[in-house]
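**Q** give me the fold of what follows.
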Amino acid sequence: MTNFNTVFYKGRDLSEEHRQIIQKMNRHFNWTPKMSQADFRMNISHYLVLTDKDKLIGYIGLHYIIDEFEINTVYLDPTYRGQGLGRYLMNALFETATKERIRRIMLEVRSQNKIAIHLYQSIGFIEIARRQNYYSNPVDDAIIMEYFTKKERR
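**A** Numbers count the residues shown, from 1 in each chain. Presented below is the predicted three-dimensional model:
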């Protein structure tokens, strides 16, 4: 994986090119362009961007609140899936969390997204709650998961 690189940005510090690509990828999550643009401007909005050489191929969009990351979006270009890059991106997030002295990472995932759930569980996330019928198109439950950094593990 020598051509792959991750960089952690505040949303407002993303290049215009990266903003356009992320805005396009955010459509996968039913985000409108206005929603993406509003997120880029928020002080708490951050993105861990994954590139192949200089091409943006994935990202984790999150909100950084005091000592927690709340993941909003995780996206990987479909042509790069199945190569371990989801795990690579999550490991880069854990490294970033260590540097930023993050205590807890939260996320929610569709209950039907078995591949993502398996990945999250395999790296230490645990299910803490479920929101019935949270998602639409198609209707699905949201599973809320959390991960505590090593110093905060119970």
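**Q** what's next to whichever helix in the chain runs longest, contact-wise?
**A** When the chain is parsed with DSSP state H, its longest helix is helix 85-99. Residues outside helix 85-99 that contact it (Cβ atoms under 8 Å, 6 or more residues apart in numbering): 1, 4, 6, 8, 48, 50, 57-60, 69, 74, 76, 102, 105, 116, 119-120, 122-123, 149. In this view, the C-beta of every residue, glycine as well, is placed from N, C-alpha and C.
**Q** what residues sit buried inside it?
**A** Going by neighbour count (16 or more other Cβ atoms under 10 Å), the buried part of helix 85-99 is L85, G86, Y88, L89, M90, A92, L93, F94, T96, A97.
**Q** and the next element down the chain from that helix?
**A** Per DSSP states H and E, the first helix or strand lying C-terminal to helix 85-99 is strand 104-110.
**Q** pLDDT weak spots in the chain?
**A** 1-2, 151-154 (pLDDT under 70).
**Q** let's see it at 90
**A** For the chain, the stretches with pLDDT under 90 are 1-3, 30, 54, 136-138, 149-154.
**Q** closest to R12 out of the buried residues of helix 85-99?
**A** Closest approach to R12 among these (Cβ to Cβ): T96, at 17.5 Å.
**Q** quick one: the helices in this protein, in order.
**A** Under DSSP H, the chain gives helices at 16-26, 33-41, 85-99, 114-122.
**Q** now the last one, how far from the chain's geometric center?
**A** In this case it means helix 114-122. Put simply, helix 114-122 sits 13 Å off its chain's centre (Cα atoms, centre = their mean, to the nearest Å).
**Q** could you do stretch 35-45 as well?
**A** On Cα atoms, centre = their mean, the centre of stretch 35-45 falls 14 Å from the chain's centre.
**Q** ok, now stretch 78-90?
**A** Per Cα atoms, centre = their mean, the centroid offset for stretch 78-90 relative to its chain is 12 Å.
**Q** for stretch 33-47, same thing?
**A** Distance, centroid of stretch 33-47 to centroid of chain: 14 Å (Cα atoms, centre = their mean).
**Q** enumerate every residue touching the residue nearest to G61 when sequence neighbours are not counted.
**A** Nearest non-adjacent residue to G61, counting by Cβ to Cβ, 6 or more residues apart in numbering: T73, 3.9 Å away. For T73, the contact set (Cβ under 8 Å, 6+ apart) comprises N26, F29, W31, Y59, I60, G61.
**Q** right, I'll call it a day here.
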